[in-house]
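> structure, please.
(chains A and B, ligands or ions: 1)
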Amino acid sequence: MSQNILFLAHVSEAGNALPKASYEVLGAAVKLTKQLGANLTIGLIGEDVAAAAETIAAAGTERILAVSGPDFATARYASDAAAAEAICRSAAADLILAPASSRFMRVLPGVAHRLNGCADTHVTSLEADAVNGELRAARWYYRQRIETVIRRDARPWIVLLEPGCEAAWTGMPGPVKIEKLSLPKFATRTTVTGIRAPQSDAQTIRPDADLLFVAGAGWTKKQSDGKTHVPEAEKLILDFLRAAGSSLGGSKSLVDQSGESQAVLRFMTHLNQVGQTGSTPRHPKGLSMCCHGEEPHVVGWRFINERRAVNLDPNCGWARGKADVLYVADAFEVLANLNARLTPVAQSSPEAMPQEA
Amino acid sequence: MTNGYHIVVCGSVVPDPLQTLEPVSTPTGPALKNEMMLPAVLDPWAAHALYEAANLASKVAGSKVWLVSVGPKAKLQQVMMTIAQRVSFELVPVDASASGFADSHSTAALLAEAIQSIPGLDRARLLVFGGWESASRGAGATMQLVGERLGILDQFQGVDQLRVLDDAQPDGSFEVLERIEGGRHQVSVCAGPPALLGWATGNLPEPRNNPQIGMANMRTVMPALQKAKSLPLPAGGLHFLSASPPKQQRQTRVVKDLSPAQIAQEIAEWIGK
Ligand SMILES: Cc1cc2nc3c(=O)[nH]c(=O)nc-3n(C[C@H](O)[C@H](O)[C@H](O)COP(=O)(O)OP(=O)(O)OC[C@H]3O[C@@H](n4cnc5c(N)ncnc54)[C@H](O)[C@@H]3O)c2cc1C
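Numbering: from 1, shown residues only, chains lettered A, B, ... in the order given. Next comes the predicted model:
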């Protein structure tokens, strides 16, 4: 019996398009569908999915299922779980592929339980065995310290794929027929009231940036003149972020300072923290300054391919196989020189991000 | 909230993050080399959940905090020696594997069962807390599965703040901030318990050790550990085909003799590539 594969996506909260990572997951779904001789169904969730559906008209699916309406404009567990459950059931899916967006990450494992199936998140690749078609997923355990390949007996299997792991599907937009599913009444005891940007001078987290700039606690420590230079550090870092269009990460020691009464970089929050108890961002390049490169920090760099660091200490963690290049130098001086060299690049300005809703 | 919240925090032990981990294979799947010898800590995001729970309980009179932990008894005992000194809670231990390689569906079943067995727990006042992801499996799945098993449909993940609304309704309604992409938060208002919250870092510093709290906690922690039921964790149809440490070890080029200007030039060229 041939398998049913469901590609599940939601429109982005800021409009009616699919987030970029969805097309990567569609790429994986289309590839597996062909390889396994399976049937592909597309499922969409959002306030209005019509425009998004047209962008994937050429993906080679017979059915596009949707749950739409004002109740599905934002991420809310009760409504999203009901919507995803209805779509998965209607598609009679054995394998469900979805992007590991924050919206889906917080609901699809729960949906797997309702379907008597299973779910795996943060999957970095999903492949079918060339001989027997057995599906194998790769994912990391212990916060990016052990890599595994797994398979599952239970079906349906919901697999949430990380962004940046597959080539994005492309195809001509066209007209589509959408089957709208209606849901039984569900409880709405929660109301989403808006989106709030972190309290900082600027929005410094840019998931699509080519470069991650990581600042460590050294920026706020006493320097060779016996004094701290926090305002100078702030200016150097913000100027660099603007000029390079990069995203800002921080070490735990630096972001924790905001909770203690120490000199702090005002734009640093816990959301910037990279590492074991922070994020594991995906950017092609990473540049660290004034950060020691200790293991709990560097596990957050697992998906940063090219890495360089500037540190006064030639024996810091970066020197021990954690960076490609370690420059032993004063970061204040290097960054001032670097800022002088960089011509500001046209980058989506932080202010363009949605702020208070 | 007229009578206070009943806050159940789910959290277990993980190997100290400073340890190097090496996978080994066992007949039941992968495990960590010398797992029982590795020093352990309370899973960091679950620890934040516990501190937030204690803080909320201290502000809303009549509230109570439980910590439900699925983990090997000996390790739980070791970690409780420090955690029990920080905030007041009643421990509900389940003696089973805390391995990251255990299936989240199986762990969630044990947690849900343990929560349901807490005497006097009032669903109308119930807030289930936990870390949004563990430092072991790191899946962000277990808490959702616990919620589903308990029939809790108001769930929040990556929570950095819970604020009981000023016009404190007797129903206990509150505002929640959840992490979303781009360093932003989604803001929701929930009509009150029962609800489930998977915490990220939150806003509280780690509480200082307080030996008095420790002594009070230990009076219930030790007997609870002694009575903890030993339960198997079924593999749940999850098979590991391989488990290996990262292969990538870089050949670091350590540059000591360039001026800041020369370094800046090299970095600028690299960024531009
Ligand atoms: C449970 C647990 C979880 C953790 N999770 C995380 C996590 O998620 N993320 C994380 O980052 N850490 C984490 N840590 C902490 C981690 O072990 C380190 O303590 C932390 O990363 C150190 O931060 P740092 O390198 O910025 O600070 P420091 O160790 O203080 O290093 C500062 C560095 O700045 C350099 N420096 C100072 N001045 C200059 C200058 N002018 N120019 C160049 N270099 C300079 C110094 O040489 C030094 O190397 C965790 C720890 C534990 C126990």
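
> hang on, residue A:101 packs against residue A:19?
Yes. Between residue A:101 and residue A:19 there is a contact under Cβ atoms under 8 Å: 6.0 Å. Just so you know, the C-beta spots here come from the backbone N, C-alpha and C atoms, and that holds for glycine as well.

> point me to the residue of the stretch 51-200 of chain B nearest the ligand.
residue B:135 (7.5 Å; Cβ to the nearest ligand atom).

> quick check: that residue vs residue B:45, distance?
Plainly put, residue B:135 is 7 Å away from residue B:45 if you go by Cβ to Cβ, to the nearest Å.

> just to revisit the earlier point, and for residue A:101 and residue A:19, which residues touch both?
Listed contacts common to residue A:101 and residue A:19 are residue A:10; contacts here mean Cβ atoms under 8 Å, 6 or more residues apart in numbering or on different chains.

> up against the ligand, what does chain A have?
Those residues of chain A that sit near the ligand, judged by Cβ under 6 Å from any ligand atom, are A:216-218, A:221, A:223, A:251-254, A:273-278, A:290-292, A:294, A:296-297, A:310-313, A:316, A:330-332.

> for ChimeraX, what selects the buried ones among those?
Per 16 or more other Cβ atoms under 10 Å in any protein chain shown, the buried members of these correspond to this ChimeraX selection:
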select /A:216,217,218,221,223,251,252,253,254,273,274,275,276,277,278,290,291,292,294,296,297,310,311,316,330,331,332
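
> near chain B, which of the residues of chain A next to the ligand show up?
Within the set of the residues of chain A next to the ligand, contact with chain B (Cβ under 8 Å from any Cβ of the partner chain) is found for A:273, A:276, A:277, A:294, A:296, A:310, A:330.

> need the contact list for the fourth one.
The contact partners of residue A:294, taken as Cβ under 8 Å, 6+ apart, are A:317, B:18.

> distance-wise, check it relative to residue A:139.
24 Å.

> by residue count, what's the longest helix in chain A?
For chain A, the longest helix by residue count, based on DSSP state H, is helix A:20-36.

> buried stuff in it?
For helix A:20-36, by 16+ other Cβ under 10 Å, it's A:21-33, A:36.

> so is it next to chain B?
No. Helix A:20-36 does not reach chain B (Cβ under 8 Å from any Cβ); its nearest approach is 9.6 Å.

> how about that helix as PDB, C-alpha atoms only?
Extracted in PDB, the C-alpha atoms of helix A:20-36 (Å, rounded to 0.1, in the frame of the first residue of the first chain):
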ATOM      1  CA  LYS A  20      10.800  30.600   3.900                       C
ATOM      2  CA  ALA A  21      11.600  27.400   5.800                       C
ATOM      3  CA  SER A  22       8.200  26.000   4.700                       C
ATOM      4  CA  TYR A  23       9.500  25.800   1.100                       C
ATOM      5  CA  GLU A  24      12.600  23.800   2.300                       C
ATOM      6  CA  VAL A  25      10.300  21.300   4.000                       C
ATOM      7  CA  LEU A  26       8.100  21.100   0.900                       C
ATOM      8  CA  GLY A  27      11.300  20.300  -1.100                       C
ATOM      9  CA  ALA A  28      12.000  17.400   1.300                       C
ATOM     10  CA  ALA A  29       8.300  16.300   1.000                       C
ATOM     11  CA  VAL A  30       8.300  16.300  -2.800                       C
ATOM     12  CA  LYS A  31      11.600  14.400  -2.900                       C
ATOM     13  CA  LEU A  32      10.400  11.700  -0.500                       C
ATOM     14  CA  THR A  33       7.100  11.500  -2.300                       C
ATOM     15  CA  LYS A  34       8.800  10.700  -5.600                       C
ATOM     16  CA  GLN A  35      11.300   8.300  -4.100                       C
ATOM     17  CA  LEU A  36       8.700   6.300  -2.200                       C
END
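
> partner strands of the following helix or strand past that helix, with direction?
Scanning forward in sequence from helix A:20-36 by DSSP states H and E, the next helix or strand is strand A:39-46. Here strand A:39-46 has these sheet partners by DSSP bridges: strand A:4-10 (parallel), strand A:63-68 (parallel).

> right, and the ones you listed - which one's nearest residue B:85?
strand A:4-10 (44.1 Å; Cβ to Cβ).

> residue boundaries of the helices in chain B?
B:44-59, B:73-83, B:104-116, B:142-150, B:211-227, B:260-272.

> adding mean pLDDT, write the ones you listed out as a markdown table.
As requested, the helices of chain B are exported to a markdown table (pLDDT from 0 to 100):
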| stretch | mean pLDDT |
| --- | --- |
| helix B:44-59 | 97 |
| helix B:73-83 | 96 |
| helix B:104-116 | 97 |
| helix B:142-150 | 98 |
| helix B:211-227 | 95 |
| helix B:260-272 | 97 |
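
> compile the ones you listed into JSON lines and extend it with columns for mean neighbour count and distance to the ligand.
Converted to JSON lines, the helices of chain B look like this (neighbours: other Cβ atoms under 10 Å in any protein chain shown; distance: least, Cβ to the nearest ligand atom, whole Å):
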{"stretch": "helix B:44-59", "mean neighbour count": "22", "distance to the ligand": "5"}
{"stretch": "helix B:73-83", "mean neighbour count": "18", "distance to the ligand": "12"}
{"stretch": "helix B:104-116", "mean neighbour count": "21", "distance to the ligand": "21"}
{"stretch": "helix B:142-150", "mean neighbour count": "26", "distance to the ligand": "19"}
{"stretch": "helix B:211-227", "mean neighbour count": "14", "distance to the ligand": "20"}
{"stretch": "helix B:260-272", "mean neighbour count": "18", "distance to the ligand": "10"}
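
> out of these, flag the one nearest residue A:150.
helix B:104-116 (12.1 Å).

> could you give the angle of that closest one to helix B:142-150?
60 degrees (axes from the mean of the first three to the mean of the last three Cα atoms, to 10 degrees).

> helices or strands next to helix B:104-116 in the packing?
helix A:108-114, strand B:6-10, strand B:64-71, strand B:90-95, helix B:142-150 (3 or more Cβ pairs under 8 Å, 6 or more residues apart in numbering or on different chains; DSSP states H and E).

> only C-alpha atoms, please: export the second one in CSV.
Coordinates of the C-alpha atoms in strand B:6-10 are reproduced here as CSV (Å, rounded to 0.1, in the frame of the first residue of the first chain):
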residue,chain,number,x,y,z
HIS,B,6,-1.4,24.4,42.7
ILE,B,7,1.8,24.5,40.7
VAL,B,8,3.3,21.2,39.6
VAL,B,9,6.8,21.6,38.1
CYS,B,10,8.2,18.8,35.9
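
> could you list the paired strands of that strand along with their orientation?
strand B:64-71 (parallel), strand B:126-131 (parallel).

> tell me the one of the ones next to chain B among the residues of chain A next to the ligand nearest residue B:151?
Of these, the one sitting nearest to residue B:151 (Cβ to Cβ) turns out to be residue A:277, at 30.5 Å.

> hmm, the closest one is touching residue B:206, no?
No. Between residue A:277 and residue B:206 there is no contact, the gap being 11.7 Å when judged by Cβ under 8 Å.

> give the contact list for the residue of the stretch 51-200 of chain B closest to the ligand.
Residue B:135 neighbours (Cβ under 8 Å, 6+ apart): A:142, A:143, A:276, A:277, B:14, B:17, B:43, B:44, B:45.

> and the pLDDT at it?
Per-residue pLDDT puts residue B:135 at 95.

> next one: residue A:262
pLDDT at residue A:262 comes out at 64.

> swap in residue A:253?
95.

> then residue B:248?
65.

> just to revisit the earlier point, from the ones next to chain B among the residues of chain A next to the ligand, pick the one nearest residue A:11.
Nearest member of those to residue A:11, counting by Cβ to Cβ, is residue A:273, at 29.3 Å.

> residues touching stretch B:111-119, excluding its own?
B:8, B:10, B:66, B:68, B:70, B:92, B:94, B:121, B:128, B:142, B:145-146, B:149-150.

> same question but for stretch A:78-86, I mixed them up
Against stretch A:78-86 from outside (Cβ under 8 Å, 6+ apart): A:8, A:10, A:43, A:45, A:67, A:71-72, A:103-104, A:107-108, A:110-111, A:114-115, A:181, A:183-184, A:186-190, B:153-154.
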